[in-house]
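K.L.:
Quick one: sequence plus predicted model below, questions after.
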Amino acid sequence: MLLLRQGRAPQAEQELRRILQTDPTDALAHAWLGMCLLDQAKLEEGQAEAETAIHLAPEYDFAYYLLSLAHLRQHRQPAALVAIEHALALDPTDPNYYHTLGIIRFQRHQWQAALKAAETGLSYDPEHVDCLGLRARSLTRLGRRDEAADALGRALHHDPDDAGTHADAGWVALETGQAKPALEHFRQALRLSPTSEYAREGLVEALKTQYWVYRGFMRFAYWSSSLSDSARRGLFLGLFIFSRFFPLLLPLYLVLVFMSWFADPLFNTLLRFNPYGRHALSATQVRQSTHFSALLGTGLLLLAAGFLTKLAPLNMLGFVAMGLLFPLVGTWRLAVPAQRQRSFWFGVSLAVLGLVAVGITALHLGPPYENIFFGGYIIGTVLYVWFYALR
């Protein structure tokens, strides 16, 4: 589709809909219409067209590939994996399919499997820039930086004007602690493709590295991501246990917990005072930083007021506000709508428990009721933090 290759997805959509009015059973047209819709971020409509194409032509591998993309962009990794495996079973020689499989593996922190998928794709097309970029990122996470640099050099040699390759180069530079080259690659990627979310997110991360605290935490985060899920959980649990026996470790543990939960909204808020950073943030990031800073500021002010006035209700209300930061940020992080709903309502329940406890304290209704509600709030917050970390 010439229009689609030219980046004119709306015009391509109109043309394909005209074709389908003439022949509504054209599986090829349904599949390409699905691609047009996915390019316009109409994910549910694109998924429906891919499913229609599969219904009309069950052996059409490209339709399964599109279905995988639709699921992947809606954060449904298991369904995306099933669909791309169907596509590969029908055509095991398409490097695009291996790239998508590798992306799913990469998002699951399965670095070796992601590398294998990228290299299999490259065995069918040694110049496939997306597979070259994925191979470089996988090699970086596996600690093979020289090979990663070589892979990126090959990708940029084959297509120096590919926005995705520059974005991949930016992420690799960022993950290896090279903030300035990362910024240049992300800026180049956005110059070539101004709407690239992949590059914009990388640019935001690169800008945050100007803060040494974030830079240090990011190194720790990339290192811990190389561990298995069980090892990563064991690391935080071990630090918690050791901090009970060695109090000097407690500040380190608390800093890691705080940063692992709140680094993104906190440093996004700081970027709003950066003349370049404020334009790099998305509308969602700006809104979230506003909500986060408002709740954090309110909590700190209430705690300060409670300390100065010795009023227990103010202290308790400040403590409640600070604790609610966990479900607030936790809900934003969840991509699956059902999980976000559960997290949201759990946060609302915690807020109700906390506010009732504050009201009981303010009205001097007695310790038993106050302890029940405030104790429920504390237990609920701790359970939320641990269940979220262990999910």
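P.N.:
On my side now, so go ahead. Fair warning: this is a prediction, and the values are worked out from it, not measured in the lab.

K.L.:
Can you name every helix or strand that the helix or strand where S349 lies contacts?
P.N.:
Applying DSSP states H and E as the criterion places S349 in helix 337-362. Packing contacts for helix 337-362, counted by 3 or more CB pairs under 8 Å, 6 or more residues apart in numbering; DSSP states H and E, involve helix 312-323, helix 325-333, helix 367-390. C-betas here are computed from N, CA, C, even on glycine.

K.L.:
Where does pLDDT dip in this protein?
P.N.:
1-9, 226-229, 389-391 (pLDDT under 70).

K.L.:
centroid residue for it?
P.N.:
Here the mean C-alpha position of the chain is nearest to the C-alpha of R333 (CA atoms, centre = their mean), at a distance of 7.1 Å.

K.L.:
all helices of the stretch 51-200 of the chain, in order?
P.N.:
Listed in chain order, the helices found in the stretch 51-200 of the chain under DSSP state H, counting those that start in this stretch are 61-73, 77-90, 95-107, 111-124, 129-141, 145-158, 163-175, 179-192, 197-208.

K.L.:
can you give me the offset of the first one from its chain's centre?
P.N.:
Pointing back at helix 61-73 there. Remark: helix 61-73 is offset 20 Å from the chain centroid, using CA atoms, centre = their mean, to the nearest Å.

K.L.:
Equivalent analysis for stretch 324-343, please.
P.N.:
How far stretch 324-343 lies from its chain's middle: 13 Å, per CA atoms, centre = their mean.

K.L.:
And it, end to end?
P.N.:
12 Å (CA to CA, to the nearest Å).

K.L.:
quick one: buried residues of it?
P.N.:
By neighbour count on 16 or more other CB atoms under 10 Å, the buried set for stretch 324-343 is L324, L325, F326, P327, L328, V329, G330, T331, W332, L334, S343.

K.L.:
and the helices of the stretch 51-200 of the chain as JSON lines, adding mean neighbour count and distance to P10?
P.N.:
Output for the helices of the stretch 51-200 of the chain, formatted as JSON lines (neighbours: other CB atoms under 10 Å; distance: least, CB to CB, whole Å):
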{"stretch": "helix 61-73", "mean neighbour count": "24", "distance to P10": "18"}
{"stretch": "helix 77-90", "mean neighbour count": "19", "distance to P10": "25"}
{"stretch": "helix 95-107", "mean neighbour count": "23", "distance to P10": "23"}
{"stretch": "helix 111-124", "mean neighbour count": "20", "distance to P10": "30"}
{"stretch": "helix 129-141", "mean neighbour count": "26", "distance to P10": "24"}
{"stretch": "helix 145-158", "mean neighbour count": "18", "distance to P10": "30"}
{"stretch": "helix 163-175", "mean neighbour count": "25", "distance to P10": "20"}
{"stretch": "helix 179-192", "mean neighbour count": "20", "distance to P10": "21"}
{"stretch": "helix 197-208", "mean neighbour count": "21", "distance to P10": "19"}
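
K.L.:
Switch those over to TSV; also include distance to A338.
P.N.:
Shown next, in TSV, are these (distance: least, CB to CB, whole Å):
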stretch	distance to A338
helix 61-73	15
helix 77-90	14
helix 95-107	19
helix 111-124	27
helix 129-141	29
helix 145-158	37
helix 163-175	30
helix 179-192	33
helix 197-208	23
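
K.L.:
Figure out which of these is closest to Y377.
P.N.:
helix 197-208 (32.1 Å; CB to CB).

K.L.:
Show me what that closest one is packed against.
P.N.:
Packing partners of helix 197-208 (3+ CB pairs under 8 Å, 6+ apart): helix 163-175, helix 179-192, helix 212-225, helix 250-271, helix 277-280.

K.L.:
Residue ranges of each domain in the chain, please.
P.N.:
According to automatic domain parsing, the chain comprises the domains 1-92, 196-281, 282-391.

K.L.:
With respect to burial, which of those domains scores highest?
P.N.:
Neighbour counts (mean count of other CB atoms under 10 Å) averaged over each of the domains of the chain peak at domain 1-92, with a mean of 18.

K.L.:
which residue packs closest to G34, ignoring adjacent ones?
P.N.:
Leaving aside its chain neighbours, G34 sits nearest to E49 (3.4 Å; criterion: CB to CB, 6 or more residues apart in numbering).

K.L.:
residues in contact with that neighbour?
P.N.:
Residues counted as contacts of E49 (CB atoms under 8 Å, 6 or more residues apart in numbering) are H30, A31, L33, G34, L37, L66.

K.L.:
Now the first one: closest residue in space, sequence neighbours ignored.
P.N.:
Meaning H30. A53 (4.1 Å).

K.L.:
Would you mind measuring from the one you found to T22?
P.N.:
To T22, A53 is 17 Å away according to CB to CB, to the nearest Å.

K.L.:
Please convert the helices and strands packed on helix 337-362 to CSV, extending it with distance to E44.
P.N.:
Converted to CSV, the helices and strands packed on helix 337-362 look like this (distance: least, CB to CB, whole Å):
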stretch, distance to E44
helix 312-323, 36
helix 325-333, 21
helix 367-390, 27
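
K.L.:
do you know which of those lies nearest Y211?
P.N.:
Closest to Y211 of these, according to CB to CB: helix 325-333, at 18.2 Å.

K.L.:
which residues sit against that closest one?
P.N.:
By CB under 8 Å, 6+ apart, helix 325-333 touches 261-262, 264-265, 288, 291-292, 295-296, 299, 340, 343-344, 346-347, 350, 381, 384-385, 388.

K.L.:
Stretch 98-105 now?
P.N.:
Under CB under 8 Å, 6+ apart, the answer for stretch 98-105 is 65, 68-69, 72, 77, 80-81, 84-85, 88, 111, 113-118, 120-121, 124, 128, 130-131, 134, 138.

K.L.:
and if you look at stretch 250-261?
P.N.:
213-214, 217, 220-221, 236, 239-240, 243, 325-326, 329-330, 385.
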